[in-house]
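1. When you get a sec, could you give me coordinates for this:
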Amino acid sequence: MFELRSIDIDLGQQGQADGSAVITHGLTHVLVSVFGPREAKMRSQTMHDRANINVEVSVAAFSTGDRRKRSRGDKRILEFAATIKSTFEPVVQTGLYPRSQIDIFIQVVQQDGGLLQACINGTTLALMSAGIPMLDFVCAVSGGVHSTHPLLDLTTLEENDVPNVTIAVMPKTRKVSLVTMETRLHVDRFEEVFRVATEAAVVIHEEMKAAIMARSRTLIASMKTGSQQPGEMEE
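-> Take a look at the predicted model:
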């Protein structure tokens, strides 16, 4: 009931991206690549006092059972991207990079529920991997209610059967950066789901922080190895 699905995180470099993350929640598998901050390509998107965050989402045709192809202009995908953008705009310190843009590309490889939470968590990790300053982690989790019992980290079958909500939390302050719900949920049940989901987000934060720390140690070790002169002995 209160269990989270297994989480797997890979912060290895993907292509030419400045930062990237591959994250799985159960069978939901998402790849996020971050480019920037870099000069804005379009003058209409240039902001003189801060960076513009651009989010693009692509969904692989084989990621779901119905094999329905969704284009980048699909209304559902555009709404999904806008939700992620609005979640991160208050958290990323865009004021440090005026007249620039930060591009976030999200590729959905496989989905089995909790897609929004996986995309948000993957975006947090990719932004940090790119070295972009943020006020805090953004940790997301989905929740729902079956009968009177709260559920966490829902699969597709559970999302189709029960009222559900996705919550994104900044663990330092416990501030909520996103609450989205597409189904009706009684206010009394919402309070309980919200509380449990907030506690679960803190657990997910520990997993994400451990992945960031492990990646940092790997990079530091490789820098030390690279700076060592040929013939030098390690102390």
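2. which residue ranges form the helices in the chain?
-> 75-88, 115-129, 156-161, 187-227 (DSSP state H).
3. what would these look like in a markdown table with mean neighbour count and distance to Ala61?
-> The way it works is simple: take the backbone N, C-alpha and C, and place the C-beta from them, glycine included. Below are the helices of the chain laid out as a markdown table (neighbours: other CB atoms under 10 Å; distance: least, CB to CB, whole Å):
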| stretch | mean neighbour count | distance to Ala61 |
| --- | --- | --- |
| helix 75-88 | 16 | 13 |
| helix 115-129 | 26 | 15 |
| helix 156-161 | 15 | 16 |
| helix 187-227 | 15 | 29 |
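4. Is it possible to get a markdown table of those helices that adds mean pLDDT?
-> Shown next, in a markdown table, are the helices of the chain (pLDDT from 0 to 100):
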| stretch | mean pLDDT |
| --- | --- |
| helix 75-88 | 94 |
| helix 115-129 | 97 |
| helix 156-161 | 91 |
| helix 187-227 | 89 |
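5. Format these as TSV; extra columns: distance to Ser44.
-> Shown next, in TSV, are the helices of the chain (distance: least, CB to CB, whole Å):
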stretch	distance to Ser44
helix 75-88	16
helix 115-129	24
helix 156-161	37
helix 187-227	34
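6. Of all these, which one is nearest Ala17?
-> Nearest of the helices of the chain to Ala17, taken as CB to CB: helix 115-129 at 7.6 Å.
7. Just the C-alphas of that closest one, formatted as CSV.
-> Only the C-alpha atoms of helix 115-129 are listed here, as CSV (Å, rounded to 0.1, in the frame of the first residue of the first chain):
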residue,chain,number,x,y,z
LEU,A,115,4.9,9.1,-15.9
LEU,A,116,4.8,12.7,-14.7
GLN,A,117,6.6,11.8,-11.5
ALA,A,118,9.3,10.0,-13.5
CYS,A,119,9.7,13.0,-15.9
ILE,A,120,10.0,15.5,-13.0
ASN,A,121,12.5,13.4,-11.0
GLY,A,122,14.5,12.7,-14.1
THR,A,123,14.5,16.4,-15.0
THR,A,124,15.8,17.3,-11.5
LEU,A,125,18.7,14.9,-11.8
ALA,A,126,19.5,16.0,-15.4
LEU,A,127,19.6,19.7,-14.4
MET,A,128,21.9,18.9,-11.5
SER,A,129,24.1,16.8,-13.7
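8. Tell me which other helices or strands that helix touches.
-> With contacts taken as 3 or more CB pairs under 8 Å, 6 or more residues apart in numbering; DSSP states H and E, helix 115-129 sits against strand 19-25, strand 28-39, helix 75-88, strand 100-110, strand 139-146, strand 164-170, helix 187-227.
9. So for His25, which of the helices of the chain sits nearest?
-> Short answer: helix 115-129, nearest of these by CB to CB, at 4.8 Å.
10. Measure how that closest one sits relative to strand 100-110, angle-wise.
-> Angle of helix 115-129 versus strand 100-110, following axes from the mean of the first three to the mean of the last three CA atoms, to 10 degrees, is 130 degrees.
11. roughly how far out does helix 115-129 sit from the chain middle?
-> Counting by CA atoms, centre = their mean, to the nearest Å, helix 115-129 is centred 2 Å from the centre of its parent chain.
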